[in-house]
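Chemist: Provide a 3D model corresponding to the input given below.
(4 chains)
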Protein chains: 2
Amino acid sequence: MVQRNAVPAVAMNIGEVAAAVDLPVKTLRYYEEIGLVVPQRQPNGYRRYTERDVHVLRFLRRARSLGFSIPDCRALLSLYGDAGRASADVRRLAEARIADIDRKMAELRGLRATLAALVEACHGDQHPDCPILDDLAGAGVS
Amino acid sequence: MVQRNAVPAVAMNIGEVAAAVDLPVKTLRYYEEIGLVVPQRQPNGYRRYTERDVHVLRFLRRARSLGFSIPDCRALLSLYGDAGRASADVRRLAEARIADIDRKMAELRGLRATLAALVEACHGDQHPDCPILDDLAGAGVS
DNA sequence: CCGCGACCCTCCAGTTACTGGAAAGATGCG
DNA sequence: CGCATCTTTCCAGTAACTGGAGGGTCGCGG
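Modeler: Predicted structure coming up:
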């Protein structure tokens, strides 16, 4: 069992966290404003983020970059946050989200196939056009 | 060889296309405004979309829903559209996009694992909290 | 030919999720 | 103490839509 929370980094100011989770400082402030991740404050008024906040923020960055909306993310977080209340609901919600993810995966595979086919089809010489792609773009999940 | 473009659907008005590609009419008008998909016009001023436009729009819907920005999409479309000019550039660009896609896939897998673990961990009884998730959220691609 | 509902048009305003910048306070170091 | 580098709030701007008003077009039934 590896102990991961070794260095608590006493302060955990906004800039530090921004670097750690790879999100702009501005975005963290925005997330506080909309009540998504609300850090505590230090006596000087600076935001203080916890390790948990950092985890949540990483989770958010991933989900957002994959096209989940903020409301989607809130739903995901409500699972993530207080798992263990109304398990059945949580479970259903999580499963629905997993279905979303599977759908997105399929779309990604389709997109990837389209791009890969393009690389394949035009690998060196100059074609005037690649009509094959017209088919491919429609071939995926639709 | 299956002939796909059998029914050209004489008009191909905006509403028809919107239904076909599963995007709101408003979005199609917006895409024209920003020069992404610019249909021709009928004598009465109605937009007339081609089969090709429909393909491109489907492609766009997919890419957008997966978190690619409009500039990203424009780059993808420039490949898709005139493949066959400056093959080397096209190839490099396409490959970069494929790398993006692979990164997104990995992130999706990570997200899915997190959610699946949640379903697993809390499958029936009431836990006060699922601290396991704290680790999971950080465990993926990062 | 006339209404009528469903479609289309443009234009303009509002929303979401940031993003940038000004003005000012806090921290840390030589 | 000065200076660079944080941090704060606030306000304005952007991207990518989204909704709604006001009005033209289409096609059908009477």
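Chemist: Contacts only, for the nearest residue to A:Val56 once chain neighbours are set aside.
Modeler: Excluding its sequence neighbours, the residue lying closest to A:Val56 (C-beta to C-beta, 6 or more residues apart in numbering or on different chains) is A:Val37, at 5.6 Å. From N, CA and C alone the C-beta is placed, and that goes for glycine too. Neighbour list for A:Val37: A:28, A:31, A:49, A:53, A:56-57, A:60 [criterion: C-beta atoms under 8 Å, 6 or more residues apart in numbering or on different chains].
Chemist: got a list of what A:Lys104 touches?
Modeler: A:66-67, B:65-66, B:108.
Chemist: What subset of the contacts of A:Val37 is buried?
Modeler: In the contacts of A:Val37, burial by neighbour count holds for A:28, A:31, A:49, A:53, A:56-57, A:60, counting by 16 or more other C-beta atoms under 10 Å in any protein chain shown.
Chemist: Give me the secondary structure label for the residue nearest to A:Val56.
Modeler: coil (DSSP: H, G, I helix; E, B strand; the rest coil).
Chemist: ok, it to A:Leu28 distance?
Modeler: Using C-beta to C-beta, to the nearest Å, A:Val37 is found at 7 Å from A:Leu28.
Chemist: and for the two, which residues touch both?
Modeler: Common neighbours of A:Val37 and A:Leu28 are listed as A:49, A:57 (criterion: C-beta under 8 Å, 6+ apart).
Chemist: any idea of the mean pLDDT in the longest helix along chain A?
Modeler: Longest helix in chain A, counting residues (DSSP state H): helix A:87-121. Averaging pLDDT along helix A:87-121 gives 83.
Chemist: Please see if that helix touches DNA strand C.
Modeler: No. Helix A:87-121 is not in contact with DNA strand C by C-beta under 7 Å from any atom of the strand; minimum separation 15.0 Å.
Chemist: how about the closest residue in space to A:Arg97 that isn't next to it in sequence, what does it touch?
Modeler: The shortest distance from A:Arg97 to any non-neighbouring residue, by C-beta to C-beta, 6+ apart, is to B:Leu115 (5.6 Å). B:Leu115 makes contacts with A:76, A:79, A:94, A:97-98, A:101, as judged by C-beta under 8 Å, 6+ apart.
Chemist: between those, which is nearest A:Glu120?
Modeler: A:Ile101 (27.7 Å; C-beta to C-beta).
Chemist: shouldn't that closest one be in contact with B:Leu111?
Modeler: Yes. The pair A:Ile101 / B:Leu111 is scored as a contact, 6.0 Å apart, by C-beta atoms under 8 Å.
Chemist: Compare those two (neighbour count), which wins?
Modeler: The neighbour comparison of A:Ile101 against B:Leu111 (other C-beta atoms under 10 Å in any protein chain shown) goes to B:Leu111, with 25 against 21.
Chemist: And that one, how far from DNA strand C?
Modeler: In this view, B:Leu111 and DNA strand C are 16 Å apart by C-beta to the nearest atom of the strand, to the nearest Å.
Chemist: hmm, back to that, and the contacts of B:Leu115, which two are the farthest apart?
Modeler: A:Leu79 and A:Ile101 (13.0 Å).
Chemist: Would you mind measuring from the nearest residue to A:Ser78 once chain neighbours are set aside to A:Val17?
Modeler: Take A:Ser78 and drop its neighbours on the chain: the residue closest to it by C-beta to C-beta, 6+ apart is A:Leu93, 7.7 Å away. Distance from A:Leu93 to A:Val17, counting by C-beta to C-beta: 27 Å.
Chemist: quick one: which of these two has more around it?
Modeler: A:Val17 (23 against 18).
Chemist: my guess is that one meets A:Arg58, correct?
Modeler: No. Using C-beta under 8 Å, A:Val17 makes no contact with A:Arg58, being 10.1 Å away.
Chemist: what sits against A:Asp53?
Modeler: Applying C-beta under 8 Å, 6+ apart, the residues near A:Asp53 are A:12, A:17, A:37, A:39.
Chemist: With distance to DNA strand D added, can I get those in a markdown table?
Modeler: Output for the contacts of A:Asp53, formatted as a markdown table (distance: C-beta to the nearest atom of the strand, whole Å):
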| residue | distance to DNA strand D |
| --- | --- |
| A:Met12 | 9 |
| A:Val17 | 8 |
| A:Val37 | 12 |
| A:Pro39 | 8 |
